[in-house]
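Asks: need a structure here:
(one chain, ligands or ions: 2)
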Amino acid sequence: MQYFPLFVDTQSLRVLIIGAGEVASRKLDLLSRTLAEIEVIAPDICDEVRSYARQGRIRLHQRAANIDDIANVDLVYLATGDDIFNRDMARHATAQGIWVNVVDSPDLCRFITPSIVDRGRLQVAISTAGAAPVFARELRSRLENWLPNSLSELFDFIAERRVEVQQRLPDFRLRKLFWEQFFISNGDKFDADTPRRYENAFRQLSSEGEILLIDDQTKVELLPIAAMPLLQRIDTLCSDIALPSDLVELVRRDASRASIPSLSVINAQYAKGERVLLYAQVATISRLVAHFPMAKWLRGGSL
Ligand SMILES: C[C@@]1(CC(=O)O)c2cc3[nH]c(cc4nc(cc5[nH]c(cc(n2)[C@H]1CCC(=O)O)[C@@](C)(CC(=O)O)[C@@H]5CCC(=O)O)C(CC(=O)O)=C4CCC(=O)O)c(CCC(=O)O)c3CC(=O)O
Ligand SMILES: NC(=O)C1=CN([C@@H]2O[C@H](COP(=O)(O)OP(=O)(O)OC[C@H]3O[C@@H](n4cnc5c(N)ncnc54)[C@H](O)[C@@H]3O)[C@@H](O)[C@H]2O)C=CC1
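Replies: Ligands and ions are numbered 1, 2, ... in the order given. Below is the predicted model of the structure:
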């Protein structure tokens, strides 16, 4: 991973864009939505950039830039098309510890610009490490279609209630269960029923455990989609045989691992409200089913 994604707090971030053509205006389309203070310097200014200045969103200076301009800023974007000038400015910026992006020279970039799906608090950033920005753009447009616009409202709604949930559910485990329950019932949209689903999620909190069974003859890729949220909620993954890697991928990363415990231990875990997944040979799973009628045997196409 040469490029590592970070989300930068833009409050009082000072951003300088040098150049005011098409590429600068594309960067500005996203940067202007942030809280950053933005300054743009260029002798030739395209209409889009000019309109940001008219709205008072950026400070615009119509002149050539020089090295003194990069003092006292946090980020610099060089979008001039003048290779020698860009290289020179990038060198000065880097020497001063200022993070620099040169739009057409990845080797001069301290950071690169991802393609961004903007849903307010929910941000999806895509990068191909510079290999294919067009692919990043195409993937973005697929995600734009897939992620409803109302996700912005949903995450505002949730953020406003985070403290309330912490107060109403002091137990961390119950809070986690609450949010899982809420997202299962609400889905990824905000509508008139969202506040009701939020209240219902408090009522639907059960501290009941779960026993999931998967036998080694079952192909993981054929498991029903409805099994995915169940696997995501597992606390412990128990097995005495090798686990298929695609199954490990589906289970929560922080789930603990164990060998298959005795029947009485499984009973005790269930009674405590733990959620266990037991992976074993068919014969073992059949025996477990006989002992635990409440267990769910996950098989291809059935639940
Ligand atoms: C390294 C990086 C540095 C940086 O700019 O930060 C970079 C570099 C270069 N871009 C080039 C070209 C194009 N870039 C785009 C579009 C986008 N480019 C963006 C980011 C990045 N571009 C960074 C890596 C991102 C990653 O990791 O994938 C996006 C995501 C964000 C944004 O720019 O705001 C935005 C899509 C936004 C969206 O719509 O979602 C298009 C398509 C178009 O215009 O529609 C083309 C024309 C097609 C083509 O040539 O591929 C060239 C060749 C120049 C030449 O050949 O002359 C270089 C230089 C090189 O490759 O050496
Ligand atoms: N347009 C595109 O989609 C793409 C462009 N590029 C590259 O990105 C760069 C910028 O592209 P465009 O915005 O289309 O170019 P452009 O020619 O429209 O804009 C260049 C801007 O830089 C300014 N500039 C030049 N020298 C300057 C200096 N010394 N100080 C301050 N400003 C200065 C100009 O006044 C102008 O505002 C070019 O190198 C281009 O090759 C790369 C990929 C795609």
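
Asks: and residue 225, which of the three is it?
Replies: Under DSSP: H, G, I helix; E, B strand; the rest coil, residue 225 falls in the coil class.

Asks: distance-wise, check it relative to residue 250.
Replies: To residue 250, residue 225 is 11 Å away according to CB to CB, to the nearest Å. For glycine as for every other residue, the C-beta is placed from the backbone atoms N, C-alpha and C.

Asks: between the two, who's got more neighbours?
Replies: Taking neighbours as other CB atoms under 10 Å, residue 225 and residue 250 compare with residue 250 leading, 17 against 7.

Asks: test my guess that that one contacts residue 228.
Replies: Yes: with contact defined as CB atoms under 8 Å, residue 250 and residue 228 form a contacting pair (6.6 Å).

Asks: excluding chain neighbours, give the residue nearest to the residue of the stretch 1-150 of the chain found nearest ligand 2 in space.
Replies: When scored by CB to the nearest ligand atom, the stretch 1-150 of the chain has residue 21 as its residue closest to ligand 2, at 2.1 Å. Distance criterion CB to CB, 6 or more residues apart in numbering; nearest residue to residue 21, sequence neighbours excluded, is residue 46 at 5.6 Å.

Asks: count of residues packed around that neighbour?
Replies: Residue 46: 16 neighbours (other CB under 10 Å).

Asks: contacting residues for it?
Replies: Shown in contact with residue 46 (CB atoms under 8 Å, 6 or more residues apart in numbering): 20, 21, 22, 24, 25.

Asks: for residue 295, same thing?
Replies: Each residue near residue 295 by CB under 8 Å, 6+ apart is listed here: 211, 212, 213, 288, 289.

Asks: where do the helices sit along the stretch 1-150 of the chain?
Replies: Taking DSSP state H, counting those that start in this stretch, the helices of the stretch 1-150 of the chain run over residues 22-31, 47-54, 83-95, 133-146.

Asks: mean pLDDT and distance to ligand 1 added to the ones you listed, as TSV?
Replies: Output for the helices of the stretch 1-150 of the chain, formatted as TSV (pLDDT from 0 to 100; distance: least, CB to the nearest ligand atom, whole Å):
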stretch	mean pLDDT	distance to ligand 1
helix 22-31	94	5
helix 47-54	96	13
helix 83-95	95	11
helix 133-146	97	3
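
Asks: take those helices and write them to JSON lines, including mean neighbour count and distance to residue 14.
Replies: Putting the helices of the stretch 1-150 of the chain into JSON lines (neighbours: other CB atoms under 10 Å; distance: least, CB to CB, whole Å) gives the following:
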{"stretch": "helix 22-31", "mean neighbour count": "18", "distance to residue 14": "12"}
{"stretch": "helix 47-54", "mean neighbour count": "15", "distance to residue 14": "16"}
{"stretch": "helix 83-95", "mean neighbour count": "16", "distance to residue 14": "13"}
{"stretch": "helix 133-146", "mean neighbour count": "13", "distance to residue 14": "26"}
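
Asks: how about a markdown table for those helices, with distance to residue 278 added?
Replies: What follows is these, written out as a markdown table (distance: least, CB to CB, whole Å):
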| stretch | distance to residue 278 |
| --- | --- |
| helix 22-31 | 48 |
| helix 47-54 | 59 |
| helix 83-95 | 55 |
| helix 133-146 | 34 |
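
Asks: rewinding a little: residue 100: which of the contacts of residue 46 is nearest?
Replies: residue 24 (14.3 Å; CB to CB).
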